[in-house]
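In: need the 3D shape of this:
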Amino acid sequence: MTKNVFLAVFVISTAVHLVASLRQDKKTRDITKPFILLSLLGFYLSAARSVSAAIVLALIFSWIGDILLIPNGVKWFTAGGISFMISHAFFIAGYWKDVAFSKIPEWMIVLLAVFFAAAVFHIFSRLKPYLPKALFYPMFLYLLINGAMNCFAIFRCVSLPTTATITTAVGAALFFISDTSLFFVRFKKDGRLKTHFLVMLTYSVGEFLIVLGLL
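Out: Residues are numbered from 1 along each chain as shown. As a prediction, the model looks like this:
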């Protein structure tokens, strides 16, 4: 019963936040944003048969990152990015125990590393003219770490190919798309992405699928 209450709060707060994002209603976005990850954390804690400390910490640091990104300004954006970087590290730690490296072909490790490195290089080649110089390399490193989190989600999927591990891997991919979208919304003001709708849709659904797959 408790998990259903948390899930309902997650769905409602996410839906209201997404509508507010479309309308560019910053006040409503700021009010609803803290409830998204907080309710997802509650859902995980109440639904998990065996709670992983690493996953709990990953969700907590994601929530802290959400809060830190609410105010405008480079310092807040940097602090939020650091919190999310820590979150990705804890997600990797949470996936690690399910990864059987003996089942991961070397070519796959190399291919995934090259793929995400190339993706990050391409993204930042487009972003470079719009980014403050002080943020370029920290943001570059951050997205590489997000890519590493994706790699371990895929390694977990290859080690134990089930609906659950595939679900988590899809969620991780959406998280990567969300971060990429956020960078363009925040810094490329003349781009196609004008609102935080895509950012928060892929982020909320991504985090939910990660948790659902881990359950």
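
In: list the helices and strands whichever helix in the chain runs longest packs on?
Out: Taking DSSP state H as the criterion, the chain has its longest helix at helix 133-159. With contacts taken as 3 or more Cβ pairs under 8 Å, 6 or more residues apart in numbering; DSSP states H and E, helix 133-159 sits against helix 74-96, helix 106-127, helix 163-187. Every residue, glycine included, has its C-beta placed from N, CA and C.

In: nearest to Ser62, of the ones you listed?
Out: Smallest distance to Ser62 across the helices and strands packed on helix 133-159 (Cβ to Cβ): 4.5 Å, for helix 74-96.

In: tell me what angle the closest one forms with helix 133-159.
Out: Going by axes from the mean of the first three to the mean of the last three Cα atoms, to 10 degrees, helix 74-96 is angled at 20 degrees with respect to helix 133-159.

In: give me the contacts around helix 74-96.
Out: Helix 74-96 is contacted by residues 52, 54-55, 57-62, 64-70, 132, 134-135, 138-139, 141-142, 145-146, 148-149, 152-153, 155-156, 168, 172, 179, 186, 210, 214 when judged by Cβ atoms under 8 Å, 6 or more residues apart in numbering.

In: only whichever of these are buried, select them in ChimeraX.
Out: Remark: buried members of those, expressed as a ChimeraX selection using 16 or more other Cβ atoms under 10 Å:
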select :52,54,55,57,58,59,60,61,62,64,65,66,67,68,69,135,139,142,145,146,148,149,152,153,155,156,168,172,179,186,210,214
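
In: leaving out the residues flanking it, which one is nearest to the residue nearest the centre of the chain?
Out: In the chain, the centroid-proximal residue (Cα atoms, centre = their mean) is Phe175; its distance is 3.5 Å. Counting by Cβ to Cβ, 6 or more residues apart in numbering, Phe175 lies nearest to Gly206, which is 4.1 Å off, once chain neighbours are set aside.
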